Structures are given as structure tokens and as C-alpha cells.
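Student: Attaching a predicted model along with its sequence, questions to come.
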Amino acid sequence: MQGITNADSVACGEAHVLCVTSEGQLFAWGQNSCGQLGVGCTVSGFLMNHSSPVAVRPFAIGSHDSSSPSPFVPVASVCCGSYHSIAVDRSGECWSWGGRGSHSLGHFDAGIQGSWANRINTVFATGASTAKVICGEHRNLNCLSSQKPQHPKKHPY
């Protein structure tokens with residue numbers, strides 16, 4: 001794909017794609033009708049499809065700015081459902097977005113910041129470490145490797 005160097009892995013949803021680079025950066029493109037790209041809304045509040053790769057914050061180097069000072073979070077693996085996306089970062093945190101706020105995200109809308117259209121949040125409040133995630137059309141399977149004392153991170157993108 002033009003614009004991406006060092007692609008390490010790719011995952012495909014019904015009409016969207018996620019690509020992880022060897023540095024752990026995450027790029028997405030395709031349909032964004034349910035927020036599955038993780039890039040938020042346009043200024044006018046509409047979700048927009050992207051025909052070429054766009055960086056997904058906070059998973060892209062240099063993608064934060066003064067309005068969203070969150071640090072770069074390198075990704076280890078990704079998977080896609082039909083209309084949602086999941087990333088596991090290199091520390092084992094599981095992140096999900098899209099699906100118009102569906103329960104397939106694992107958020108259950110408890111303590112979530114932002115609207116369904118622009119939020120990317122970690123899944124487990126217990127701080128469980130995710131070893132592997134497998135996505136189905138509307139369901140996910142998370143294989144946990146251990147428990148670690150961390151709190152979920154919330155990024156309203």
C-alpha cells in the first residue's frame with residue numbers, strides 16, 4: 001500500500017483494513033460508517049471513509065498535538081470484525097473502537113469518555129494482559145495471559 005513502509009501485519013473487516021508497521025504504528029483505511037477506522041468525525045460531525053491509509057491515534061508516531069497530548073502507544077497485533085476494530089498494544093492492553101458503540105467492543109458504556117463515533121478505549125478494567133484477540137463478525141475472543149495492576153486508559157479520539 002502506498003504511504004506505508006515496513007508493514008508487519010494486516011487485518012481486514014467487511015470493508016476496512018488495519019495495518020501495523022514494524023515500529024508498532026497503526027494505519028487504517030476503507031469504510032468508516034461505524035467508526036471502525038478509529039479516526040473520529042469530520043469537523044461537521046460526519047464519519048468519513050478513507051481510500052488511503054490514515055494514522056490512528058494514539059497508535060502513530062507524531063500523531064498527538066496540543067489538543068490531544070497522549071503519547072505514542074505501539075501496537076503488537078490487530079483484528080477486525082465487520083464494523084469494529086481491536087488492537088493489542090505491546091504492553092498487553094486491549095483497545096477497541098467502532099461498531100457504533102456495540103457491546104462487541106467490551107466497553108459496556110461504563111465510564112467511557114467520548115461518543116461512539118470517536119472513542120478508543122481499553123477493554124479490561126482489571127488490567128488483564130491480552131495475549132491474543134480473535135474477531136468475528138460481531139463477537140471477539142480475548143485470550144488473557146495474566147493479571148497486572150493497571151487501570152483502563154480512555155482516549156476520546
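Tutor: That came through fine. Computed from a predicted structure; not experimentally measured. Numbering: from 1, shown residues only.

Student: tell me how far the ends of stretch 88-98 are from each other?
Tutor: This stretch, stretch 88-98, spans 15 Å end to end (C-alpha to C-alpha, to the nearest Å).

Student: Mind listing what's buried along that stretch?
Tutor: If you call a residue buried by 16 or more other C-beta atoms under 10 Å, then stretch 88-98 has these buried ones: 88-89, 92-98. The C-beta positions use only the backbone N, C-alpha and C, and glycine is treated the same way.

Student: One more: stretch 39-56?
Tutor: Buried-residue list, stretch 39-56, by 16+ other C-beta under 10 Å: 39-40, 47, 50, 53-56.

Student: which one of these is nearest His16?
Tutor: Nearest to His16 among those, counting by C-beta to C-beta, is His50 at 8.9 Å.

Student: Tell me who's in contact with the spatially closest residue to Gly3 that is not a sequence neighbour.
Tutor: In space, and not counting its chain neighbours, Gly3 is closest to Pro53: 5.1 Å by C-beta to C-beta, 6 or more residues apart in numbering. Counting by C-beta atoms under 8 Å, 6 or more residues apart in numbering, Pro53 touches 1, 3-4, 19, 27-29.

Student: All set, thanks.
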